[in-house]
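> Have a look; sequence and predicted model below, questions after that.
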Amino acid sequence: MTEVEAKLAAWPGFELPALDDAVPGLVAEANAPVTMEAAYLDAADLRLIRAGISLRHRTGEGGADGAWTLKLPDHDGADGAGDGVLRRSELVVPGPPGEPPAAFLTTLRPWLRTGSLATVAHLRTERTRTRLRVDGQPVGEVDDDEVSVLQAGRVAARFREVEVESRDPDVLRAVVARLRDAGAGAPDPTPKLVRALGPRALQPPDLAVGDPGPDATAGEVLRSAIAASVQRIVEHDNVIRAGADPEGVHQARVGCRRLRSDLRTFAPLLDTTWSEPLRDELRWLAGELGAVRDLDVLRGRLHAQVAELRDDEQAAAAPIVARLDRERAAAVQRAHAALDSRRYLALLDRLVDAANAPHTLPEAEATASEVVPGLAGVPFRKLRKAVKKLGKNPSDEALHELRIKAKRARYAADVAVPVVGDRARDYTKVLAGLQDVLGDHHDCAVAEAWLLEAAGRGTRSQSFALGLLVAGQRHEADRLRRQWRSAWKKVDRSKRTSWMA
């Protein structure tokens, strides 16, 4: 579930005001006080908490054994109630203390990496809960909490806060206003755990992309680019594991490829004895994810085209195309095994270190505007040279190599956008257009090769149906062959590329 709450500080003598009719029909029902004890787990450096994640076991609710709760930041939704509102995804599993639920450990893996969990805080909360209903339906609650921070069984600190939980923004806003009128403080999104742990818990997260300005050094711009790619990999780890959204594999693979490309393009700023081994490990990870992504693209293309055949042709082709589902299931298993490996977790540690402290050379201390545009121009000039070498009718392989070069040029220009601005941004957009045309052409070639191999092992009716699909791939590939040069001409214009000179 999604937890939306406002936390307000309250002084010791604060009294909860009447909340009935804060919105029309609202009824507040007070419950008897309860005592809850919670143990919070994290790595020694508080990497989970600093990333906005909390893991706890709490007794006093959730059954005799208590319950485990995992809270994750929710960056997508708008709280609808103004500043100071905390929005998090909340997962609750009843159970005894000890080992956290396996599903929680899997979810935490990309943030915890090779770190070990241990208890970092122990809180006792005396809670008086007030349920909120409108027309008999629950719409939220108000929790009046007296919190004690325990250390070695003794109370080390105390504080009081009032929490208003509601996913109805009107209810949330109106109840907060009543509490403020009664003397409660302004909404403060700081969780209890962070207040209990103090300054260490307020340190920046492991992955902070940053926003380098026009006066940034080349090293600062590069560090931001590295952090963005690493964040892309980490944030899509659980999307891959969930298995429901193919975009997870795609985005994690893009993170790997983009970072490999950036480490290559900006190698003159880096200690290559550090960056090259990292590129090798990223190649390994991208390869482990690549089979799933390639099959996702192929499945999407062929399933859509099979649906356009006649009914008898669909019936003939469907069992063959269904092979892709089995192949993908096997590829997913291999990808999950890679994500569960010690090698992957060690790589994540190295990537987070790289995002925070890349091994740069003295040249990286120069102003980015003096260095980055020139380096971003190197892959563009290689792309232009490759285009000039192509004949009138280049092979599929040559066009695929051109696509790879276009991708490298685009990634390099993306790094330069914070420095150069709109000219670089415009260039990346038209370069993406070229990349899309060449990418779709490559997908046609891959689909044709797979279909020809499958047709050779099918029945006559199956081979005929697959032959129709092959014809569709060739027709589409021919159309794309006629388009890529015009897409290139949009890129190769001095008004778009002069910033790299």
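It's in.
> can we go C-alpha only for contacts and neighbour counts from here?
Will do.
> buried ones in stretch 418-425?
Buried residues in stretch 418-425, counted by 16 or more other C-alpha atoms under 10 Å: 418, 419, 420, 423, 424, 425.
> Now for residue 265, how many residues are close by?
20 (other C-alpha atoms under 10 Å).
> quick one: contacts for it?
With contacts defined as C-alpha atoms under 8 Å, 6 or more residues apart in numbering, residue 265 is in contact with 375, 376, 378, 379, 412.
> Output these in TSV; the columns should cover neighbour count.
What follows is the contacts of residue 265, written out as TSV (neighbours: other C-alpha atoms under 10 Å):
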residue	neighbour count
375	20
376	26
378	17
379	23
412	30
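> follow-up on the earlier one: is it possible to get JSON lines of the buried residues of stretch 418-425 that adds pLDDT?
Output for these, formatted as JSON lines (pLDDT from 0 to 100):
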{"residue": "418", "pLDDT": "92"}
{"residue": "419", "pLDDT": "92"}
{"residue": "420", "pLDDT": "93"}
{"residue": "423", "pLDDT": "93"}
{"residue": "424", "pLDDT": "95"}
{"residue": "425", "pLDDT": "95"}
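> So which of those residues sit within helices?
The members of the buried residues of stretch 418-425 that map onto helices under DSSP state H are 418, 419, 420, 423, 424, 425.
> Who's the closest spatial neighbour of the fourth one, skipping the chain neighbours?
With C-alpha to C-alpha, 6 or more residues apart in numbering as the measure, residue 496 is the residue that lies nearest to residue 423, at 6.2 Å, once sequence neighbours are left out.
> In which helix or strand does the one you found reside?
Here residue 496 sits within helix 494-497, counting by DSSP states H and E.
> tell me which helix or strand of the protein sits lowest on mean pLDDT?
helix 237-242 (a mean of 89; mean pLDDT, DSSP states H and E).
> Report the mean confidence score over stretch 431-446.
Taken as a whole, stretch 431-446 carries a mean pLDDT of 96.
> Alpha carbons of it, as PDB, please.
C-alpha atoms of stretch 431-446 as PDB (Å, rounded to 0.1, in the frame of the first residue of the first chain):
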ATOM      1  CA  LEU A 431      20.500  11.600 -33.200                       C
ATOM      2  CA  ALA A 432      17.900   9.500 -31.300                       C
ATOM      3  CA  GLY A 433      15.800   9.600 -34.500                       C
ATOM      4  CA  LEU A 434      18.700   8.100 -36.500                       C
ATOM      5  CA  GLN A 435      19.300   5.600 -33.800                       C
ATOM      6  CA  ASP A 436      15.600   4.500 -33.800                       C
ATOM      7  CA  VAL A 437      15.600   4.000 -37.600                       C
ATOM      8  CA  LEU A 438      18.700   1.900 -37.500                       C
ATOM      9  CA  GLY A 439      17.500   0.100 -34.400                       C
ATOM     10  CA  ASP A 440      14.200  -0.900 -36.000                       C
ATOM     11  CA  HIS A 441      16.100  -2.100 -39.100                       C
ATOM     12  CA  HIS A 442      18.300  -4.300 -36.900                       C
ATOM     13  CA  ASP A 443      15.200  -5.700 -35.200                       C
ATOM     14  CA  CYS A 444      13.900  -6.600 -38.700                       C
ATOM     15  CA  ALA A 445      17.100  -8.400 -39.500                       C
ATOM     16  CA  VAL A 446      17.100 -10.400 -36.200                       C
END
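> mind listing what's buried in the least confident helix or strand of the chain?
For helix 237-242, by 16+ other C-alpha under 10 Å, it's 237, 238, 239, 240, 241.
> tell me which of the residues you listed is nearest to residue 63?
Nearest to residue 63 out of those is residue 238 (C-alpha to C-alpha; 28.6 Å).
> ok, for residue 363, nearest residue in space, not its chain neighbours?
Distances taken as C-alpha to C-alpha, 6+ apart put residue 269 closest to residue 363, at 5.7 Å, once the chain neighbours are dropped.
> Just name whatever secondary elements the least confident helix or strand of the chain is in contact with.
In terms of contacts (3 or more C-alpha pairs under 8 Å, 6 or more residues apart in numbering; DSSP states H and E), helix 237-242 is packed against helix 102-112, helix 247-265.
> and the longest one, what's its mean pLDDT?
It refers to helix 247-265. Here the average pLDDT along helix 247-265 is 96.
> Check the spacing between residue 397 and residue 443 real quick.
For residue 397, the distance to residue 443 equals 12 Å [C-alpha to C-alpha, to the nearest Å].
> Hmm, I typed the wrong one, I wanted residue 108.
According to C-alpha to C-alpha, residue 108 stands 35 Å off from residue 443.
> ditto for residue 409
Here the distance between residue 409 and residue 443 works out to 20 Å (C-alpha to C-alpha).
> what do you get for residue 21?
When residue 21 is compared with residue 443 (using C-alpha to C-alpha), they lie 60 Å apart.
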